[in-house]
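# Structure for this input, please:
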Amino acid sequence: MSDLLLPPGYISTVLYWRSANSPRIALTTIAAQVSTPPFTSTSATTLFTAITGALDQDWDSQTSWPQMVTLANNSGVINRYVNIGTVTGTHVAFEECPPNVAACVSKDTLLAGRTHRGRFFLPFIDESRVDASGKLFVAYQSALQTAMGNLYTAFSSGGGGNLATPAVLHTSGEPPTPIVSFSVQTIVSTQRRRLSRVTV
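Model prediction:
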């Protein structure tokens, strides 16, 4: 599998999610264009605060965001910033969906084709607000959509983290595609773990 290319003037963040009910860490990856290079450790700290502030109201105290790792290409030099935190959710306690169930968020762009779009996932969501067919309750989807609007702002010029816009990175060397919005999908996504095959 080819690696995504991080051009000069762009960052890529990996946000770590932890649940008290799961032994596994979940990861969310989002890239963005820097507004005025260089992107510094101060910018990364501001971004981490904005991201967790966008999310904490919709998750309870079982969920935390212990770390964010940011790679920044500052004029051809890759800088790595690690933010460590103790931020937890502030929502009233709820029963989580199984670890392999997550809300799916589309990275919407103005260009057609699979190459120019992407998605990420929101783990540890509220089971009581997902129906038996895997559909998010309307009010829950709306609340998550509001959070994604705030998350989008965190990665754009309004977030204070020296960023211009979130972007989809490519493996082909093609310029990154600007993202115009994050959209929460109505139906949850599930992950199926594959067992390793025995070869003879």
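
# For the most centrally placed residue in the chain, name its beta-bridge partners.
The residue at the geometric middle of the chain, judged as the C-alpha nearest the mean C-alpha position with CA atoms, centre = their mean, is residue 28 (3.8 Å). Beta-bridge partners for residue 28, by DSSP bridges, are residue 15.

# State the pLDDT value of it.
Note on residue 28: pLDDT of 97.

# Roughly how far does it sit from residue 17?
Distance of residue 28 to residue 17, given as CB to CB, to the nearest Å: 7 Å. Every residue, glycine included, has its C-beta placed from N, CA and C.

# hmm, back to that, in this structure the residue nearest to the centre of the chain contacts residue 12, no?
No - contact between residue 28 and residue 12 fails when scored by CB atoms under 8 Å: they sit 11.5 Å apart.

# how far does the helix ranked longest in the chain sit from the chain's center?
Ranked by residue count, the top helix of the chain under DSSP state H comes out as helix 138-154. Helix 138-154 has its C-alpha centroid displaced from the chain centroid by 12 Å (CA atoms, centre = their mean, to the nearest Å).

# and if you look at stretch 32-50?
Taking mean C-alpha positions (CA atoms, centre = their mean), stretch 32-50 and its chain are 15 Å apart.

# check contacts around the residue nearest to the centre of the chain.
Residues in contact with residue 28 (CB atoms under 8 Å, 6 or more residues apart in numbering) are 14, 15, 17, 120, 121, 122.

# The helix or strand of the chain with the lowest mean pLDDT pairs with which strands?
One helix or strand of the chain scores below all others by mean pLDDT, DSSP states H and E: strand 189-190, with a mean of 92. For strand 189-190, sheet partners with direction are given as strand 101-108 (antiparallel), following DSSP bridges.

# Show me what the partner strand is in contact with.
Applying CB under 8 Å, 6+ apart, the contact partners of strand 101-108 are 26, 30, 117-125, 130, 134, 136, 144, 148, 166, 168, 179-185, 187-191.

# Please pick the buried ones from those.
Neighbour-count burial within these applies to 26, 30, 118, 120-125, 130, 136, 144, 148, 166, 168, 179, 182-185, 188; the criterion is 16 or more other CB atoms under 10 Å.

# re earlier: considering the contacts of residue 28, which is situated nearest to residue 80?
The nearest member of the contacts of residue 28 to residue 80, counting by CB to CB, is residue 14 at 10.7 Å.

# how close does that closest one sit to residue 25?
Residue 14 sits 10 Å away from residue 25 when distances are taken as CB to CB.

# try residue 132
Residue 132 sits at a distance of 28 Å from residue 25 (criterion: CB to CB).

# Of those two, which one has the most company?
residue 25 (12 against 5; other CB atoms under 10 Å).

# For the more buried one, what are phi and psi?
Reported as degrees, to the nearest 10, the phi and psi values for residue 25 are phi -90, psi 140.

# who touches it in this structure?
The contact partners of residue 25, by CB under 8 Å, 6+ apart, come to 16, 17, 18.

# And residue 82, what's its pLDDT?
98.

# and what of residue 194?
Residue-level confidence at residue 194 comes out at 54, pLDDT.
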